[in-house]
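A.B. asks: this one's structure only:
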């Protein structure tokens, strides 16, 4: 499809920061900017940036209660404080559960690998569905596509796509690459299988083109942006059916 023919889509530019060296201050400014969009009945779709910025986006989107989430990543991002900050890029979804922004029972994390098992404890203990990278080959894409909508249901859903969910053979330009990840073809098949979900926001995070002189990571990131943007066009929320 051409999403620009089916929806009003605008690039709102970069979120302006006035205190860019203070993590919590930048998060507040991200939340305020996203809240402005949500207040205007706009579905925000963000490009990052490290994964910590999903938290303020969720704060703006989940004002009326926790949302479901589909999270594609190599890492669960539900660890805790690191080097004195509990708002680091490895902890946004732990904070989101604690702040009741996402419903862990309606959250699925896909492509997880590369970390010690103890780093996944919060995801499992809180009730999230964790699909390890090796499970994808064992279960097959069709089964993953069946499981994900069943977990999130038909309620408002946030889609967060970390580029390191892909194998670094396809997207090496990221800060924490992990071998054994999704191929671009597998990622596209999973995304295409999510058509019709009630998406209320999303993001593509952790693309770092400076780490990839081939430019492949930027191209892959742009394609994932387009695919998720196209998914959002079919969201019942955008269609006015929710």
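C.D. replies: That came through fine. Every value quoted in this text rests on a predicted model; they were computed, and no experiment measured them.
A.B. asks: if I look at residue 162, how far off is residue 110?
C.D. replies: Taking CB to CB, to the nearest Å as the measure, residue 162 falls 10 Å from residue 110. (Each C-beta comes from the backbone N, C-alpha and C, glycine too.)
A.B. asks: between these two, which contacts overlap?
C.D. replies: When contacts are counted by CB atoms under 8 Å, 6 or more residues apart in numbering, residue 162 and residue 110 are jointly contacted by 71-73.
A.B. asks: residue 3: which of those residues is nearest?
C.D. replies: Lowest distance from residue 3 to those (CB to CB) belongs to residue 72, with 19.6 Å.
A.B. asks: distance check, the closest one against residue 171.
C.D. replies: In terms of CB to CB, residue 72 sits 12 Å off from residue 171.
A.B. asks: ok, now residue 120?
C.D. replies: As judged by CB to CB, residue 120 and residue 171 stand 22 Å apart.
A.B. asks: neighbour-wise, which of the two wins?
C.D. replies: residue 171 (28 against 19; other CB atoms under 10 Å).
A.B. asks: now do the contacts for the more buried one.
C.D. replies: So residue 171 contacts 163-164, 184, 207, 212, 216-217, 220-221 (CB under 8 Å, 6+ apart).
A.B. asks: how far away is it from residue 153?
C.D. replies: 30 Å.
A.B. asks: which element is the residue nearest the centre of the chain on?
C.D. replies: Nearest to the geometric centre of the chain sits residue 160, at 0.8 Å (CA atoms, centre = their mean). Remark: residue 160 resides in strand 157-162, with elements defined by DSSP states H and E.
A.B. asks: how far off centre is that strand?
C.D. replies: Offset of strand 157-162 from its chain centre (CA atoms, centre = their mean, to the nearest Å): 3 Å.
A.B. asks: before we move on, what about stretch 96-111?
C.D. replies: 11 Å.
A.B. asks: with stretch 163-174 instead?
C.D. replies: 15 Å.
A.B. asks: next one: stretch 191-210
C.D. replies: 6 Å.
A.B. asks: looking at the contacts of residue 171, which are in helices?
C.D. replies: If you go by DSSP state H, those have 184, 216-217, 220-221 in helices.
A.B. asks: can you pick the most crowded of these?
C.D. replies: residue 217 (26 neighbours).
A.B. asks: quick one: residues contacting that residue.
C.D. replies: Residue 217 makes contacts with 163, 171-174, 207-209, 211, as judged by CB under 8 Å, 6+ apart.
A.B. asks: neighbours around residue 39, how many?
C.D. replies: Residues near residue 39, counting by other CB under 10 Å: 10.
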